[in-house]
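Undergrad: Turn this into a model:
(one chain, ligands or ions: 1)
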Amino acid sequence: MYAALKSIGSYVPSRVLSNFDLEKMVDTNNEWIVKRTGIKERRIASEDEATSDLGYKAALKAIERADIDKNEIDLIICATISPDYLAMPSTACMISAKLGLKDVMAFDISAACTGFVYLIALAKSFIESNTKKNILIIGAEKLSSITDYTDRTTCILFGDGAGAAIISATEDKNEAIVDVMASADGNYGDLLITPGCGSKNPIRKENLEQNLQYMKMKGNEVFKVAVKTLTSDVVAILEKNSLTSKDVDVFIPHQANYRIIEAVRTKLDFPVEKTALSVEKYGNTSSASIPMAMNDLYESGQIKKGDLMLLDAFGGGFTWGSALVRFAGN
Ligand code: UT7
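TA: Below you'll find the model as predicted:
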């Protein structure tokens, strides 16, 4: 059996937080944000929308487009760093309940912005080992719930949203996900971290007073490793599969910063028109960024059945990975 990506879907909350709104909240300005990041606006979920609500709505679209009955789904995996609940139940379980599924394996993974590439690696293994047949994978984030809106170095970057895909078993090798490479190095953990509310710095008054529950990032240091790793990721997976950038129809890098995407794209010789760029309107949505970008390209007709997509991700951990995925949907 081979694993095939049969559909893509996404959901973004309706509320827009623009750079001009942020100018009123912290000491920043539109010009700085656009020049340093390429971001113009991001979406923010409402108070009563949890991560699973975003993931559920993205999942509905992916299920409908895959043309399967939801009851055929035998595994749900959600990648998120902003789960509905800190420990349990998992966001994947909450999504399964919203879908009305009562007997399906469901769990979350935490791989930060590389979450969607890790999901593809997992789904591929479950299918190739003949364990599961129709897997719903979801990258969903309500990053506004772990963003410090008094910290100008991070609050300008992040947004909320979700993307989902159905990965199904197929006997047709032409539809198969070609390859996934994923890795991590925890020695870089401190550079991009949510230090509080876990077992290390539990939910206590003194930790909350220091805002440890929010994301902290040494942006400049992360930037350098991100460019280097996102580039070497692509070189490695193309070489391993005896391909060049010319064989790739669509390049979908993690949407963290326009300057990072541009540096990687030019080094690797991907034309602009083949490169996903949605950071401008959504900001960085961590595990949701790649499937949201893929969804927008699909909806605008820029991804068609049979196209070879190259996904490229990097995030907290550090985690990183790339995937060569043929679009097997309609
Ligand atoms: O998704 C996971 C991976 N994440 C990333 O890949 C993010 C990687 N990092 C970045 O994208 C960039 O490092 C940032 C966009 C976060 C920052 O851009 P930068 O060009 O690295 O700026 P910087 O941190 O070196 O700061 C330059 C200056 C500083 O002032 P001084 O020291 O030069 O006077 C900052 O204090 O800009 C200042 N600054 C700001 N000014 C206006 C920092 N944030 C802001 C702000 N508005 N929001």
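Undergrad: And the helices in the stretch 51-200 of the chain?
TA: 51-66, 91-98, 115-128, 152-155 (DSSP state H, counting those that start in this stretch).
Undergrad: Count the neighbours of residue 19 for me.
TA: Neighbourhood size, residue 19 [other C-beta atoms under 10 Å]: 20. C-beta coordinates here come from the backbone N, C-alpha and C atoms, glycine included.
Undergrad: Flag every residue of the stretch 201-330 of the chain that's near the ligand.
TA: For the stretch 201-330 of the chain, the contact set with the ligand under C-beta under 6 Å from any ligand atom comprises 219-220, 222-223, 226, 256-257, 260, 284, 314-315.
Undergrad: Apply 8 Å and report the result again.
TA: 217, 219-220, 222-223, 226, 254, 256-257, 259-260, 284, 286, 289, 314-316 (C-beta under 8 Å from any ligand atom).
Undergrad: if we can go back for a sec, would you list the helices of the stretch 51-200 of the chain in CSV and tack on mean pLDDT?
TA: As requested, these are exported to CSV (pLDDT from 0 to 100):
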stretch, mean pLDDT
helix 51-66, 98
helix 91-98, 98
helix 115-128, 98
helix 152-155, 98
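Undergrad: To the ligand, which of the ones you listed lies closest?
TA: helix 152-155 (3.8 Å; C-beta to the nearest ligand atom).
Undergrad: how distant is that closest one from the center of its chain?
TA: Mean-position distance between helix 152-155 and its chain equals 20 Å (C-alpha atoms, centre = their mean, to the nearest Å).
Undergrad: Quick check: closest non-adjacent residue to the spatially most central residue of the chain.
TA: Most central in the chain under C-alpha atoms, centre = their mean is residue 287, positioned 2.4 Å from the mean C-alpha point. Nearest residue to residue 287 in three dimensions, chain neighbours excluded: residue 115, at 2.9 Å (C-beta to C-beta, 6 or more residues apart in numbering).
Undergrad: Pretty sure residue 139 is one of the things that neighbour touches, is it not?
TA: Yes - with contact defined as C-beta atoms under 8 Å, residue 115 counts as touching residue 139 (5.1 Å).
Undergrad: Which residue, other than its chain neighbours, is closest to the residue of the stretch 101-250 of the chain found nearest the ligand?
TA: Nearest residue of the stretch 101-250 of the chain to the ligand (C-beta to the nearest ligand atom) works out as residue 219 at 2.9 Å. What sits nearest to residue 219 in space, not counting adjacent residues and going by C-beta to C-beta, 6+ apart, is residue 153, at 6.0 Å.
Undergrad: longest helix anywhere in this structure?
TA: helix 219-240 (DSSP state H).
Undergrad: what angle sits between that one and helix 115-128?
TA: 30 degrees (axes from the mean of the first three to the mean of the last three C-alpha atoms, to 10 degrees).
Undergrad: Let me know the average pLDDT across helix 219-240.
TA: Throughout helix 219-240, pLDDT has a mean value of 97.
Undergrad: Tell me the first helix or strand C-terminal of that helix.
TA: strand 250-253 (DSSP states H and E).
Undergrad: So which elements touch that following strand?
TA: helix 258-268, helix 289-299, strand 308-315 (3 or more C-beta pairs under 8 Å, 6 or more residues apart in numbering; DSSP states H and E).
Undergrad: Flag every buried residue along the second one.
TA: Buried residues in helix 289-299, counting neighbours by 16 or more other C-beta atoms under 10 Å, are found at 289-298.
Undergrad: what does stretch 191-199 give?
TA: Result for stretch 191-199 [16+ other C-beta under 10 Å]: buried residues 191-197.
Undergrad: I'd like to know which of those are part of strands.
TA: Among the buried residues of stretch 191-199, the members falling in strands (DSSP state E) are 192-193.
Undergrad: The buried residues of stretch 191-199 also near the ligand: which ones?
TA: With the criterion set as C-beta under 8 Å from any ligand atom, the members of the buried residues of stretch 191-199 near the ligand are residue 192.
Undergrad: would a markdown table of the buried residues of stretch 191-199 with pLDDT and distance to residue 65 be doable?
TA: As requested, the buried residues of stretch 191-199 are exported to a markdown table (pLDDT from 0 to 100; distance: C-beta to C-beta, whole Å):
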| residue | pLDDT | distance to residue 65 |
| --- | --- | --- |
| 191 | 98 | 37 |
| 192 | 98 | 33 |
| 193 | 98 | 36 |
| 194 | 98 | 33 |
| 195 | 98 | 39 |
| 196 | 97 | 39 |
| 197 | 95 | 36 |
